[in-house]
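Student: give me a model of this one.
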Amino acid sequence: MARERYLVGVKPEELIYTPPPPPPSTPKGKWENFWYHYKWVTLGVLAAVIVGTILTVQAVTRVQPDYLICMVMNQPISQSAVDFLEAEWTALGEDINGDGKVKVTIQPLNVSDENNPQANTAKQSVLGHIVARDVQLFAFTPAYYTEALAPAMRDGEKFFTVLDVADAGLSEDGTYWNWKGSTVLAQEAMKDTSFGPVVESELYLGVRAIGDTASEKAKAEYEAHKRLLEAFIKKYPVA
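Tutor: Prediction:
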């Protein structure tokens with residue numbers, strides 16, 4: 001009785017078992033069957049592969065700068081000042097990566113406003129560079145250097161290396177150069193006050209010290225950065 005109750009309204013022909021159609025045997029039929037069932041999955045995989053390939057090619061073929069200079073400031077810096085400094089450092093630099101030209105990239109990071117999410121992101125970028133050791137030439141505000149960086153140094157360790165140049169802007173231990181009063185700030189491009197009086201700012205510029213266990217390649221890059229900063233100081237001394 002129970003079976004008959006469940007079969008009420010069901011036609012007898014609907015109870016006849018119909019075997020599934022045989023799988024396609026020709027290459028065309030197999031392809032059409034696969035495409036019907038897996039079209040969107042296949043397209044998604046192909047899209048992911050294409051995007052991954054493009055990103056990989058861009059990462060491999062992108063020309064890396066010979067010098068990446070991180071400027072940690074209490075205010076934004078005008079684009080004209082950035083362009084000027086990049087051009088000046090480029091003229092004094094060397095072709096480190098061997099691509100036949102000198103390329104200098106400045107990364108200005110404004111860390112002034114603690115309540116500004118962009119300032120927090122900038123601070124994270126600075127810490128990222130310090131941990132990754134992918135930047136060798138830094139410019140720090142005095143406050144950032146003395147309050148955030150110097151306390152992290154232990155047992156007399158110095159963040160910056162000693163510079164082989166004589167200038168009134170050098171620190172007592174000779175490891176960094178304060179550009180306040182430097183002739184570079186008297187240049188027209190540096191007088192652009194779009195984001196504040198950059199010419200009145202103080203910055204400690206230095207090259208990160210390198211350990212004895214560093215590779216020969218790292219040591220060569222360190223020496224090149226050191227020569228670059230020393231040449232810049234000689235060209236734009238503190239008056």
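Student: now do stretch 150-170: everything it contacts.
Tutor: 138, 149, 173-182, 206-210, 222, 226, 229-230, 233-234, 237-239 (CB atoms under 8 Å, 6 or more residues apart in numbering). For every residue, glycine as well, the C-beta is placed using N, CA and C.
Student: 6 Å instead?
Tutor: Applying CB atoms under 6 Å, 6 or more residues apart in numbering, the external contacts of stretch 150-170 come out as 149, 174-178, 206-207, 209, 230, 233, 237-238.
Student: what does stretch 66-82 give?
Tutor: With CB under 6 Å, 6+ apart as the contact definition, stretch 66-82 has outside contacts at 93, 96-97, 102-112, 126, 129, 135, 137-141, 144, 189-190, 192, 194-196, 198.
Student: in helices, which of these fall?
Tutor: 126, 129, 144 (DSSP state H).
Student: in PyMOL, select just the buried ones from the contacts of stretch 66-82.
Tutor: Restricted to the buried members of these, where burial is judged by 16 or more other CB atoms under 10 Å, the PyMOL selection command reads as follows:
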select buried, resi 93+96+102+103+104+106+107+108+109+110+111+126+129+135+137+138+139+140+141+144+189+190+192+196+198
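Student: relative to Tyr176, how far out is the residue nearest to Gln118 when sequence neighbours are not counted?
Tutor: Distances taken as CB to CB, 6 or more residues apart in numbering put Asn110 closest to Gln118, at 7.1 Å, once the chain neighbours are dropped. In this structure, Asn110 and Tyr176 are 20 Å apart, going by CB to CB, to the nearest Å.
Student: low-scoring stretches of the chain, by residue?
Tutor: Within the chain, the ranges that satisfy pLDDT under 70 run 1-25, 27-63, 113-116, 195-200.
Student: all the helices of it, residue numbers only.
Tutor: If DSSP H is used as the criterion, the helices of the chain fall at 2-6, 27-61, 79-92, 117-132, 142-144, 216-235.
Student: what comes into contact with the last one?
Tutor: Applying CB under 6 Å, 6+ apart, the set of residues contacting helix 216-235 from outside is 92-94, 96, 136-137, 163, 165, 167, 177, 207, 210.
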